[in-house]
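Student: Give me a model of this one.
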Amino acid sequence: MITAEHIRAARAVLKMGQREFATATGLNTNTVVRIENGAEFKRETERRIAEYLVSRGLVAGDRGISWSQLAAADPA
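Tutor: Numbering: from 1, shown residues only. Sure, this is the predicted structure:
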């Protein structure tokens, strides 16, 4: 499950503001702000965020955000 902490950490790693992250994930900026402030969110929203993180080589896990070994191994 992706948490507010995961999103903040991912944005920090990617050096993205909330607006930029929202645009990249196809979400509204207000949605990102609400999630980071602890609001619950839909599975579809979580799916969009997870897909974006994976596309950037990141994985959200129990210990926070980490680089995906699959992404690191992908020569493309």
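Student: burial measure for residue 8, as a count.
Tutor: Residues near residue 8, counting by other Cβ atoms under 10 Å, number 17. C-beta here means a position set from N, CA and C on the backbone, and glycine is covered the same way.
Student: Surely it and residue 36 touch.
Tutor: Yes: using Cβ atoms under 8 Å, residue 8 is in contact with residue 36, at 5.9 Å.
Student: Could you list the low-confidence segments of this structure?
Tutor: The chain contains residues with pLDDT under 70 at 62-76.
Student: Please repeat the previous calculation with a cut-off of 50.
Tutor: For the chain, the stretches flagged by pLDDT under 50 are 70-76.
Student: now the strands for it?
Tutor: Remark: strands assigned in the chain by DSSP state E are 58-61, 64-67.
Student: end-to-end on stretch 35-53?
Tutor: Terminal residues of stretch 35-53 lie 16 Å apart, using Cα to Cα, to the nearest Å.
Student: Wait, residue 11 touches residue 19, no?
Tutor: No: using Cβ under 8 Å, residue 11 is not in contact with residue 19; the gap is 10.5 Å.
Student: Could you list every helix and strand in contact with the lengthiest helix in the chain?
Tutor: Secondary structure assigned by DSSP state H gives helix 43-55 as the longest helix of the chain. With contacts taken as 3 or more Cβ pairs under 8 Å, 6 or more residues apart in numbering; DSSP states H and E, helix 43-55 sits against helix 4-14, helix 18-25, strand 58-61.
Student: nearest to residue 44, of those?
Tutor: Closest of the helices and strands packed on helix 43-55 to residue 44 is helix 18-25, at 11.1 Å (criterion: Cβ to Cβ).
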